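Participant: Sharing a model prediction with you, sequence too.
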Amino acid sequence: MPSADVRIGPAAARARFGAPGTVSGVPEVAYDDLFLIMAVATAIPVLLSLAPRLPLPSAVVEILAGIALGPVVLNWIDPETVTIEVFATFGLAYLLFVAGLELDLRALIHPRLVLLLAAFGLTLVLALAIDTVLGVAGVVQTPLFVAIVLSATALGVLTPILKDQGLLGREFGQIVFAACAIAEVVPIVLLSVFFAVGDATPALQVVKILAVAGVAGVVSLVLARAALHARVTDRFTRLDKTTAQIRVRETVLILVGLMAIAGGVGVEIILGAFVAGVAIATGRRRDHSSERYYERVEAVGFGLFIPVFFVSTGLAFDISSLTESIWTLLEVPLYLALMLIIRGLPALIVYRRMLTRAESVAAGFFQATNLSFIVAATAIGLELGKIQPGDATALLAAGMLSVILYPQIGSVIARRYGTPDPTLPQTTPN
């Protein structure tokens with residue numbers, strides 16, 4: 001987030017309950033602001049469907065709409081309204097939760113894992129080296145923080161793109177997905193280890209993270225074992241067909257529970273949300289019979305909380321901090337280029353053992369896509385004073401551009417120059 005006053009997390013909502021404008025400690029609920037956000041969130045997919053060739057993901061348009069509705073342009077919505085803060089906080093958590101749902105740890109266990117880890121290791125080395133130089137030059141305030149941010153990939157944004165392009169079912173798509181999953185997990189862990197809220201040491205943070213992961217592992221095991229008992233499965237299936245919607249309630253229980261545990265031990269709640277998704281994905285295998293469950297669970301987030309989160313991100317977008325100096329404005333193309341170098345170069349070097357040169361280049365563009373982690377990380381960085389508002393705004397702008405540009409370029413290269421899909425009929429020139 002671009003404002004140092006914007007805090008992502010339950011503490012922010014709790015802090016505002018005693019703010020001026022409340023009655024007897026109860027905050028005034030701004031339904032009009034929420035109505036405007038939901039009206040925009042409803043209109044955007046409809047408008048985008050009228051222009052299917054327009055390479056604008058809905059998340060980017062929602063952020064742009066937030067900028068228009070916020071203090072920068074129309075000033076119709078106060079970004080610090082308690083209602084919006086609470087919805088946006090849960091939207092951020094749900095976004096990371098959905099990303100975890102897409103990740104089945106069993107899918108990562110294959111012979112290529114060593115190469116994928118080596119590629120991400122090279123990513124971290126490049127990020128640390130480049131950002132150290134930028135730190136010495138005075139461009140970035142905390143090189144390690146920026147290095148972690150730039151090393152991530154937006155798995156939640158890329159997964160539907162890979163599916164829609166018919167790439168996820170191919171070997172190329174599986175490699176890209178696995179690589180992006182690693183680039184989602186590791187940065188979240190690194191952010192929680194090195195930039196914890198409070199005075200906890202990295203070693204203590206590792207212990208806390210392992211504790212949260214251990215709880216998630218127990219949850220996953222319980223889900224897997226419960227699925228083997230016909231009596232439990234039958235009872236839950238019957239309840240799931242009623243208004244109880246027991247599977248959705250169970251899912252929200254796991255999500256909120258792990259968020260509460262993470263926040264309680266001093267770990268970022270986004271880690272708790274992410275491991276909740278991983279626990280469910282690992283314990284409850286995704287197949288044709290469970291597809292309806294996943295659709296309903298994702299509908300809760302994408303139908304309400306996640307669009308509020310993206311619009312609220314735009315509401316707090318501080319364009320003035322971006323344009324206050326020419327150097328801050330130049331940081332946008334700089335960060336955009338660094339994303340491609342840090343995430344794309346390792347793909348070109350390492351993936352050539354698994355893919356063709358063209359596919360390696362395409363994989364690099366896909367992996368350079370980053371937005372959701374930037375939003376989450378910069379909010380945390382602003383809260384901890386690890387990044388300046390102008391730098392956070394520049395990173396967010398670069399992230400939006402990466403979502404608009406890089407997947408489109410990667411798709412064109414993969415389709416035009418990649419290995420043909422053997423399941424599709426091939427044509428030969430006359």
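Facilitator: Great, that's in hand. Not measured: the values here are computed from a predicted model. Numbers count the residues shown, from 1 in each chain.

Participant: can you tell me how far residue 46 sits from residue 61?
Facilitator: Distance, residue 46 to residue 61, by Cβ to Cβ, to the nearest Å: 11 Å. To be clear about C-beta, it is placed using only N, CA and C from the backbone, and glycine gets the same treatment.

Participant: Also residue 177?
Facilitator: Residue 177 is 25 Å from residue 61, by Cβ to Cβ.

Participant: The lengthiest helix in the chain - what's its average pLDDT?
Facilitator: Using DSSP state H, we find that the single longest helix of the chain is helix 389-417. Mean per-residue pLDDT for helix 389-417: 89.

Participant: who does that helix touch, helix- and strand-wise?
Facilitator: The contact analysis (3 or more Cβ pairs under 8 Å, 6 or more residues apart in numbering; DSSP states H and E) places helix 389-417 against helix 58-69, helix 143-150, helix 155-164, helix 319-323, helix 326-350, helix 357-367, helix 372-384.

Participant: and residue 139, what element?
Facilitator: Under the criterion DSSP states H and E, no helix or strand holds residue 139.

Participant: quick one: residue 132 is in a helix?
Facilitator: Yes: according to DSSP: H, G, I helix; E, B strand; the rest coil, residue 132 belongs to a helix.

Participant: From the chain's centroid, how far away is the host helix or strand of residue 189?
Facilitator: In the assignment (DSSP H and E), residue 189 maps to helix 171-194. Remark: helix 171-194 is offset 11 Å from the chain centroid, using Cα atoms, centre = their mean, to the nearest Å.

Participant: State the distance from residue 327 to residue 139.
Facilitator: Here the criterion is Cβ to Cβ. By it, residue 327 lies 8 Å from residue 139.

Participant: Neighbour count: the two, which is higher?
Facilitator: residue 139 (16 against 12; other Cβ atoms under 10 Å).

Participant: where does the protein have low pLDDT?
Facilitator: 1-30, 104, 106-110, 197-199, 287-289, 418-430 (pLDDT under 70).

Participant: Contacts only, for residue 357.
Facilitator: Residues in contact with residue 357, defined by Cβ atoms under 8 Å, 6 or more residues apart in numbering, are residue 348.

Participant: try the one 5 residues further on
Facilitator: Going by Cβ under 8 Å, 6+ apart, residue 362 touches 172, 409-411, 413-414, 417-418.

Participant: Which one of the residues you listed sits in the busiest neighbourhood?
Facilitator: Busiest of the contacts of residue 362 [other Cβ under 10 Å] is residue 410, holding 28 neighbours.

Participant: Report the spatially nearest residue to that residue, omitting neighbours in sequence.
Facilitator: For residue 410, ignoring the flanking residues on the chain, the nearest one in space by Cβ to Cβ, 6 or more residues apart in numbering is residue 365 at 3.5 Å.

Participant: The one you found - how many residues pack around it?
Facilitator: 25.

Participant: try residue 244
Facilitator: 12.

Participant: next one: residue 271
Facilitator: 26.

Participant: Verify the stated contact: residue 384 with residue 191.
Facilitator: No: at 10.4 Å, residue 384 does not count as touching residue 191 under the criterion of Cβ atoms under 8 Å.

Participant: Of the two, which one has the most company?
Facilitator: Per other Cβ under 10 Å, whichever of residue 384 and residue 191 has more neighbours is residue 191, with 22 against 14.

Participant: quick one: buried residues of stretch 265-281?
Facilitator: 265, 267-281 (16 or more other Cβ atoms under 10 Å).

Participant: Could you do stretch 105-121 as well?
Facilitator: Buried residues in stretch 105-121 (16+ other Cβ under 10 Å): 108, 112, 116, 119-120.

Participant: swap in stretch 70-90?
Facilitator: In stretch 70-90, counting by 16+ other Cβ under 10 Å, buried: 70-72, 77, 79-90.
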